[in-house]
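Enquirer: Have a look; sequence and predicted model below, questions after that.
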Amino acid sequence: YIQAIDGEKDPRNLLIIFKSSLLVIHHLPIDNFAEDLFEVSACYFPIDFTPPANDPHHITRDDLVNSLRSVLCATHLFAESCLPLLMEKLSSDVHSAKIDSLLTLAAGSEVYRRVILEHLEQVWATIRNEVYQSVSEAVEEACHVAVRSITRSLSLVTKNVDGKSSLLQWVELILRDCQRHFSSPDLKLLPPTSQLLYCVAEGSGDVML
């Protein structure tokens, strides 16, 4: 199967491949070839596709993006490889790559939870930098989606192996960086800081830290 789909470029076939890969992931034991399946799928990330004028197939970039995202977020076996990929693409100067990375991180926040916990500081630092340095409202909103989703995912875990709440670790990281902006005479970072904290509150719901 992996040899058959490797290198495919026709968007019509890619949609079929992504759907087929989901079936393979959900119904077959893929432990022994998870890395290979991830590589032949992740090579398309982020999707770079502009449909030709008057395309009779009506395939859009969003169709491909959403189908590929479903594959990348379909199993925890992809987490070790996918999280570094998302962090790397977030450093891109291309806004669509940043947005795709953030929304994929959000979509996979529960599946990737263990790996996110292992790299919590890096994940937060990357999102924080995008929020405070962003010149794009779309990128900033994607950051908010990611923060809400990660917060919600971590709220489902009661304790880490060290006995500390996963959610508390995440919130402490965010508060550490956000608090100084409330006492700073420069108020320009106050609105994005307040929005980040609002997203944390939304994501955590009624969970007690």
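Expert: In hand now; what should we look at?
Enquirer: low-scoring stretches of this structure, by residue?
Expert: Across the chain, the stretches falling below the confidence threshold (pLDDT under 70) are 158-164, 206-209.
Enquirer: hang on, D6 packs against V40?
Expert: Yes: counting by CB atoms under 8 Å, V40 is a contact partner of D6 at 4.9 Å. Where you see a C-beta, it was placed from the backbone N, CA and C, and this is true even at glycine.
Enquirer: Helix, strand, or coil at N54?
Expert: For N54, the assignment made with DSSP: H, G, I helix; E, B strand; the rest coil gives coil.
Enquirer: swap in E8?
Expert: With three-state DSSP as the basis, the three-state label of E8 is coil.
Enquirer: Contacts only, for it.
Expert: Under the criterion of CB atoms under 8 Å, 6 or more residues apart in numbering, the neighbours of E8 are L14, I17.
Enquirer: Over to D63?
Expert: By CB under 8 Å, 6+ apart, D63 lies in contact with P11, L15.
Enquirer: Ok, I127 next?
Expert: L102, C143, A146, V147.
Enquirer: and what of Y1?
Expert: For Y1, the contact set (CB under 8 Å, 6+ apart) comprises S20, V24.
Enquirer: Try it again at 7 Å.
Expert: V24 (CB atoms under 7 Å, 6 or more residues apart in numbering).
Enquirer: From Q195, how far out is the residue in the chain sticking out farthest from the centre?
Expert: Relative to the centre of the chain, and counting by CA atoms, centre = their mean, the farthest-placed residue is P185 at 33.5 Å. Here the criterion is CB to CB, to the nearest Å. By it, P185 lies 20 Å from Q195.
Enquirer: residue ranges of the helices in the chain, please?
Expert: Secondary structure of the chain (DSSP state H): helices at 2-5, 11-27, 34-42, 61-72, 79-90, 95-107, 113-118, 120-133, 137-155, 166-183, 190-204.
Enquirer: okay if I get these as a markdown table plus distance to T50?
Expert: Formatted as a markdown table, the entries for these read as follows, by distance: least, CB to CB, whole Å:
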| stretch | distance to T50 |
| --- | --- |
| helix 2-5 | 22 |
| helix 11-27 | 10 |
| helix 34-42 | 21 |
| helix 61-72 | 7 |
| helix 79-90 | 19 |
| helix 95-107 | 11 |
| helix 113-118 | 32 |
| helix 120-133 | 25 |
| helix 137-155 | 18 |
| helix 166-183 | 37 |
| helix 190-204 | 31 |
